[in-house]
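Visitor: When you get a sec, could you give me coordinates for this:
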Amino acid sequence: MATLSAMTLLDLCSYLGLGAVGAVTVNLLLGMLMSLRYSPLRHWPHLHINLFALHQWTAYIAVFLTLSHPAVLLFLHTPHFGWMDVLWPTHSYLQPKLNMAGAGALYLIVLVLVSSLLRAKIGRPLWRGLHYLVFPCAALLFLHSILTDPNLKDGHPDLLDGGKVFVEISSLFSLAATTMRIRLRGRGFRYK
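Guide: Next up is the predicted model:
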């Protein structure tokens, strides 16, 4: 008979990271649909859905989960992570380059959110330029999420682990959607 084990801080850190990947993926897809002038009323599912509000809320959730993910590491006893290991992980316990990719994704997503909140003050051209940072942000996030060792053991993740497969599928969805977005550039879902 199987027993239930308690969730560890490393498990919590992993789940927050997976939630961040899911939220970023959904947010990226919603943003691309909005940029293509997709209308859920005219197209499937033929319902009034406020894509802009949904896009905003998934952004807030993504930022919250992305900030919470490394914050959990501060409470680990072994290995010990300090503030600098979380904020600027060049000398972190394991896989510092991949952790820098994760930190880069964190800083980019916060920059995109802050620029969106200040869009009226900074102007649409600057906001739009900064908003394109979501693409390198997603690339860094997927790189960090796929290649880091969630158990902090030896730096060799199991790429067929359920969480890693989720991230791999999310990255493929994002890549396919980005490719489709580029192909539909200038046309989108507008009626002729």
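
Visitor: pLDDT below threshold where in this protein?
Guide: Applying pLDDT under 70 to the chain picks out residues 1-5, 190-192.

Visitor: what's the burial count for Gln56?
Guide: 16 (other CB atoms under 10 Å). To be clear about C-beta, it is placed using only N, CA and C from the backbone, and glycine gets the same treatment.

Visitor: Check which helices and strands the helix or strand in which it is found sits against.
Guide: Using DSSP states H and E, Gln56 maps to helix 51-71. When contacts are defined as 3 or more CB pairs under 8 Å, 6 or more residues apart in numbering; DSSP states H and E, helix 51-71 packs onto helix 9-35, helix 96-117.

Visitor: want to try JSON lines for those, with mean neighbour count as columns?
Guide: Shown next, in JSON lines, are the helices and strands packed on helix 51-71 (neighbours: other CB atoms under 10 Å):
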{"stretch": "helix 9-35", "mean neighbour count": "20"}
{"stretch": "helix 96-117", "mean neighbour count": "18"}
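
Visitor: Off-centre distance for the helix holding Gln56?
Guide: Centre-to-centre, helix 51-71 and its host chain are 8 Å apart (CA atoms, centre = their mean, to the nearest Å).

Visitor: show me what contacts the spatially most central residue of the chain?
Guide: What sits nearest the mean C-alpha location of the chain, by CA atoms, centre = their mean, is Val24, with 3.4 Å. Applying CB atoms under 8 Å, 6 or more residues apart in numbering to Val24 gives the contacts Ala62, Thr66, Ile109, Cys137, Ala138, Leu141.

Visitor: same deal with Gly163?
Guide: Ser14, Leu18, Pro150.

Visitor: next one: Asp85
Guide: The contact partners of Asp85, by CB under 8 Å, 6+ apart, come to Leu73, His91, Ser92, Tyr93.

Visitor: change it to 10 Å
Guide: Shown in contact with Asp85 (CB atoms under 10 Å, 6 or more residues apart in numbering): Pro70, Leu73, Leu74, Pro79, His91, Ser92, Tyr93, Pro96, Asn99.

Visitor: Quick check: the farthest pair among those?
Guide: Spanning the widest gap among the contacts of Asp85 are Leu74 and Pro96, at 16.8 Å by CB to CB.

Visitor: Next, Ile169: secondary structure please.
Guide: helix (DSSP: H, G, I helix; E, B strand; the rest coil).

Visitor: Restricted to buried residues, select the contacts of Asp85 in PyMOL.
Guide: The PyMOL command for the buried members of those (criterion: 16 or more other CB atoms under 10 Å) is given here:
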select buried, resi 70+73+92+93+99
